[in-house]
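K.L.:
what shape does this take:
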Amino acid sequence: MIKIIVCDDENIFLKIICEYLDRYFKKQKLQYSITCYDSSKQIIDLSEKIKNYNIIFLDINMKDIDGIEIAKFIREYSGNIFIVFVTAFIKYSPEGYKVNATRYILKNTNTIEESIYECLDTIINKINQDGLIKNIEFVKQKKNINLNDILYIESRLHKLLYHLIINRDDAYYHYGVLNELEKEYKDYGFLRVHQSYLVNIKHIKKIDNHNVIMDNGEMIPISKQRYKDIWDAYITYKGEL
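P.N.:
All right, here's what the predicted structure looks like:
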């Protein structure tokens, strides 16, 4: 699932961008969700939940808080989100490079559709190159899973259960050994906090009293012998953000 936010206080462009995104992802047959906001304050209200999104299209010139300031806010929580600035002016601000913006797209009705599609091609290729989207063969079905959508993986009675941000009611599992997944997902920010749990560091809200607290509030124990390594890895990760 690719999760996208579009934020623009001009409703006509908000609608246009969302329509083009919808067309693109349907044509590519990718799972996606689009959340539209007409105020930058709505993004601020998301707080750390912003980490759950993959791509954000931001109008630079908004009435309440401009897009550059919103991008800085986003970077406080995640360096992995693709930020795309949308603007009516041909002005490439140095501030945009400081927040690692992926693209500047002009609000020109003659070129905006083509620019959005080119931008999305680049982003999806980057995601695929990074190996973030994996085709996993579960017991009931094969499914493309974005690794950023995984909260944690649990080993239970020889089953590996995938706990996802979305589709919480669906049981995705296959048979296997957690040791093997630990090696496979190590470079993608997954930590073995316990014999039975492999957690996604991107979705750790905090570490408290030998437990990791996930974004959704779930508490997962950290085994005593792993605690120092987990704490060090988490502090390093937070410092990099």
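
K.L.:
now do I12, the pLDDT please.
P.N.:
With respect to pLDDT, I12 has a value of 92.

K.L.:
same question but for N200, I mixed them up
P.N.:
94.

K.L.:
mind listing what's buried in stretch 5-12?
P.N.:
Neighbour counts over stretch 5-12 (16 or more other CB atoms under 10 Å) mark I5, V6, C7, D8, E10 as buried. For the C-beta atoms, the positions are set from N, CA and C on the backbone; glycine is no exception.

K.L.:
the second one: what's it in contact with?
P.N.:
By CB atoms under 8 Å, 6 or more residues apart in numbering, the contact list for V6 reads L14, I17, C18, L21, I34, T35, C36, Y37, I56, F57.

K.L.:
same thing but 10 Å
P.N.:
13-18, 20-21, 34-38, 55-59, 84, 86 (CB atoms under 10 Å, 6 or more residues apart in numbering).

K.L.:
so where is this structure shaky, pLDDT-wise?
P.N.:
Applying pLDDT under 70 to the chain picks out residues 90-98, 129, 131, 166-170, 240-241.

K.L.:
quick one: the helices in it?
P.N.:
For the chain, applying DSSP state H gives helices covering 11-28, 41-44, 67-77, 94-98, 112-129, 178-185, 227-240.

K.L.:
as a markdown table, those with distance to V212 would be great.
P.N.:
What follows is the helices of the chain, written out as a markdown table (distance: least, CB to CB, whole Å):
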| stretch | distance to V212 |
| --- | --- |
| helix 11-28 | 32 |
| helix 41-44 | 26 |
| helix 67-77 | 17 |
| helix 94-98 | 31 |
| helix 112-129 | 25 |
| helix 178-185 | 15 |
| helix 227-240 | 7 |
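
K.L.:
if any of the contacts of V6 are buried, put those into a PyMOL selection.
P.N.:
Selection of buried members from those for PyMOL, criterion 16+ other CB under 10 Å:
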select buried, resi 13+14+16+17+18+20+21+34+36+37+55+56+57+58+59+84+86
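
K.L.:
in CSV, list the buried residues of stretch 5-12 along with distance to A71.
P.N.:
Output for these, formatted as CSV (distance: CB to CB, whole Å):
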residue, distance to A71
I5, 12
V6, 14
C7, 11
D8, 14
E10, 18
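
K.L.:
for the residues you listed, which one is nearest D208?
P.N.:
Closest to D208 out of the buried residues of stretch 5-12 is I5 (29.1 Å), distances taken as CB to CB.

K.L.:
mind listing what that closest one touches?
P.N.:
I5 is in contact with 33-37, 42-43, 46, 50, 52-58, 70, 74, 81, 83, counting by CB under 10 Å, 6+ apart.

K.L.:
what do you get for E114?
P.N.:
Contacts of E114 by CB under 10 Å, 6+ apart are Y20, I105, N108.

K.L.:
next: F73.
P.N.:
S40, I43, I44, L46, S47, I50, I65, V99.
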